[in-house]
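Visitor: got a predicted structure plus its sequence, pasted below:
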Amino acid sequence: MKRNPRKDSTFEFERKRNKPERYDRNLTENVFKAIPKIDKIRVTREEKHHKNRSLLESSIGFIEEKDATFIQLSGLAFLLL
C-alpha cells in the first residue's frame, strides 16, 4: 500500500502546535501508552522504505552491469561472428 510520507499519521506527535491543548489526565495517559506502539510503526515503515530503496538501487546497478557487458561484447561481435 502506498503512503504519502508528508501525510503520515505517525509524525503527528512530532509536529509543533501553536495552540496548547487543555490538560486531560485520561488523554495524557492514553498518549503515553500509545507512543511506543506508534514509534514501532514509524520505525518499521522507515526500515521498509530503506529496504525498498536498497533493492531498487541494487537492481539498477545490476542492469547497468549487464548493459556494460553487453556493450563490451557488442564491440567484439564482429570477431565472434
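Guide: Noted; the coordinates are in hand. Numbering: from 1, shown residues only.

Visitor: roughly how far apart are residue 35 and residue 29?
Guide: Distance of residue 35 to residue 29, given as C-beta to C-beta, to the nearest Å: 11 Å. For glycine as for every other residue, the C-beta is placed from the backbone atoms N, C-alpha and C.

Visitor: for the record, mean pLDDT for stretch 18-27?
Guide: Stretch 18-27 carries an average pLDDT of 85.

Visitor: got the end-to-end distance for it?
Guide: Length of stretch 18-27, first residue to last, C-alpha to C-alpha, to the nearest Å: 19 Å.

Visitor: ok, now stretch 21-29?
Guide: The straight-line separation of the ends of stretch 21-29 (C-alpha to C-alpha) is 14 Å.

Visitor: stretch 10-28 now?
Guide: Span of stretch 10-28 from end to end, C-alpha to C-alpha: 17 Å.

Visitor: cool, stretch 6-14 as well?
Guide: End-to-end distance for stretch 6-14, by C-alpha to C-alpha: 12 Å.

Visitor: low-scoring stretches of the chain, by residue?
Guide: By pLDDT under 70, the weakly predicted segments of the chain are 1, 5, 16, 59-81.

Visitor: quick one: the helices in it?
Guide: 25-75, 77-80 (DSSP state H).

Visitor: quick one: residue 41 from residue 58, how far?
Guide: For residue 41, the distance to residue 58 (C-beta to C-beta) stands at 26 Å.

Visitor: which of those two has more neighbours?
Guide: Set side by side, residue 41 and residue 58 show more neighbours around residue 41, with 13 against 10, by other C-beta atoms under 10 Å.

Visitor: contacts only, for that one.
Guide: Contact partners of residue 41, counting by C-beta atoms under 8 Å, 6 or more residues apart in numbering, are residue 10.

Visitor: any idea how far residue 19 is from it?
Guide: 26 Å.
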